[in-house]
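Visitor: any chance you can model this:
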Amino acid sequence: MLARTTSDVSVLPPGVEVRAGQLEDPLPLADVTSVVYCASMGFGHIPPVVQQLESAGVKRAVFISTTAIFTSLPSRSRAVRVHAESVVNNSSLDWTILRPTMIYGTARDRNISRLLRLLKRSPVFPLCGNALWQPVYVEDLAGAVVSSLDSDASISRTYNLAGACALRFAELVRTAAHALSRRVLLVPVPLSAAVVAARLTRVVTSEQVRRLAEDKAFDYAPAAQDLGFKPRSFSEGVHLEARALGLL
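Guide: Numbers count the residues shown, from 1 in each chain. Below you'll find the predicted structure:
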């Protein structure tokens, strides 16, 4: 496990070997044969990282990308991520790219956890858009990472990883509220007003607000076939997260 010297490694399971370093510096790759790259692919680190892996003789590598590369909205990081995937595709590595949707399922989640805490406090929720969402539970994603490392069929393949089925945002919010045994009143809010509020409050970016109105549903059949990927429903996953957050 590569971690900065300032990182809190207490959250890691016992027995995990931690090597100090950061992506901007030469990587400590001695005796490393396989790599799982979990950092964002949107900050420009991939080209030098791939070069270092090739030079060190590391052959197997799994890269965690994101389905956000499919956005039709202007995004600074999208071009960087697309280029990063291209660099991986053209490398000599035995690579696999996994593109999860929104990941949730632990107390460290910054998306669904916020939704659950808000619903716990308030029976009213502002509904901005009603696009399709398909969040993936963190343990299902972790299982796909392990499976891809063990699967020759996944070499030189890219997979989208999503939850069991897509939900309209209103249904997703109601499902989260149900996990808390709460009833929720959904109040429609115009997208334009939400964008202005985001700019003023800076709690979220205007790009994140616009993404609320963009469908985020993906086919994961290839991952099911090659990796045995069988994601749980959002209803099951959000209940587990609510319990992990101590909200039940």
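Visitor: may I have the phi/psi pair for residue 95?
Guide: phi -100, psi 160 (degrees, to the nearest 10).
Visitor: show me what contacts it?
Guide: Counting by Cβ atoms under 8 Å, 6 or more residues apart in numbering, residue 95 touches 61, 62, 63, 88, 89, 155, 156. Bear in mind the C-beta positions are built from the backbone N, C-alpha and C, glycine included.
Visitor: hmm, 10 Å instead?
Guide: For residue 95, the contacting residues are 35, 37, 50, 53, 59-63, 85, 87-89, 148, 154-158, by Cβ atoms under 10 Å, 6 or more residues apart in numbering.
Visitor: just after the helix or strand containing residue 170, pick out the following helix or strand.
Guide: Counting by DSSP states H and E, the element that carries residue 170 is helix 169-179. Per DSSP H and E, the first helix or strand lying C-terminal to helix 169-179 is strand 185-188.
Visitor: who are the packing partners of that following strand?
Guide: Packing partners of strand 185-188 (3 or more Cβ pairs under 10 Å, 6 or more residues apart in numbering; DSSP states H and E): strand 124-127, helix 169-179.
Visitor: what is the rounded mean pLDDT of that strand?
Guide: Averaged across strand 185-188, the pLDDT comes to 92.
Visitor: direction included, what does it pair against?
Guide: strand 124-127 (parallel) (DSSP bridges).
Visitor: what strand or helix carries residue 139?
Guide: helix 138-150.
Visitor: name the residues of that helix that are buried.
Guide: 138, 140, 141, 143, 144, 145, 147, 148, 149 (16 or more other Cβ atoms under 10 Å).
Visitor: same question for stretch 214-226.
Guide: Under 16+ other Cβ under 10 Å, the buried positions of stretch 214-226 are 216, 217, 218, 220, 223, 226.
Visitor: same check, this time on stretch 12-27
Guide: 23, 27.
Visitor: dump the C-alpha coordinates for it into PDB.
Guide: In PDB, the C-alpha atoms belonging to stretch 12-27 read as follows (Å, rounded to 0.1, in the frame of the first residue of the first chain):
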ATOM      1  CA  LEU A  12      -6.200  -0.100   6.900                       C
ATOM      2  CA  PRO A  13      -6.700  -3.700   7.900                       C
ATOM      3  CA  PRO A  14      -4.000  -5.300  10.100                       C
ATOM      4  CA  GLY A  15      -1.000  -6.800   8.200                       C
ATOM      5  CA  VAL A  16      -1.100  -4.400   5.300                       C
ATOM      6  CA  GLU A  17       2.400  -3.400   4.300                       C
ATOM      7  CA  VAL A  18       2.600   0.400   3.900                       C
ATOM      8  CA  ARG A  19       5.300   2.100   1.800                       C
ATOM      9  CA  ALA A  20       5.700   5.800   2.100                       C
ATOM     10  CA  GLY A  21       5.600   7.900  -1.000                       C
ATOM     11  CA  GLN A  22       3.500  10.000  -3.300                       C
ATOM     12  CA  LEU A  23       2.600   9.900  -7.000                       C
ATOM     13  CA  GLU A  24       4.700  13.000  -7.800                       C
ATOM     14  CA  ASP A  25       7.900  11.100  -6.700                       C
ATOM     15  CA  PRO A  26       9.600   7.900  -7.900                       C
ATOM     16  CA  LEU A  27       7.500   5.000  -6.600                       C
END
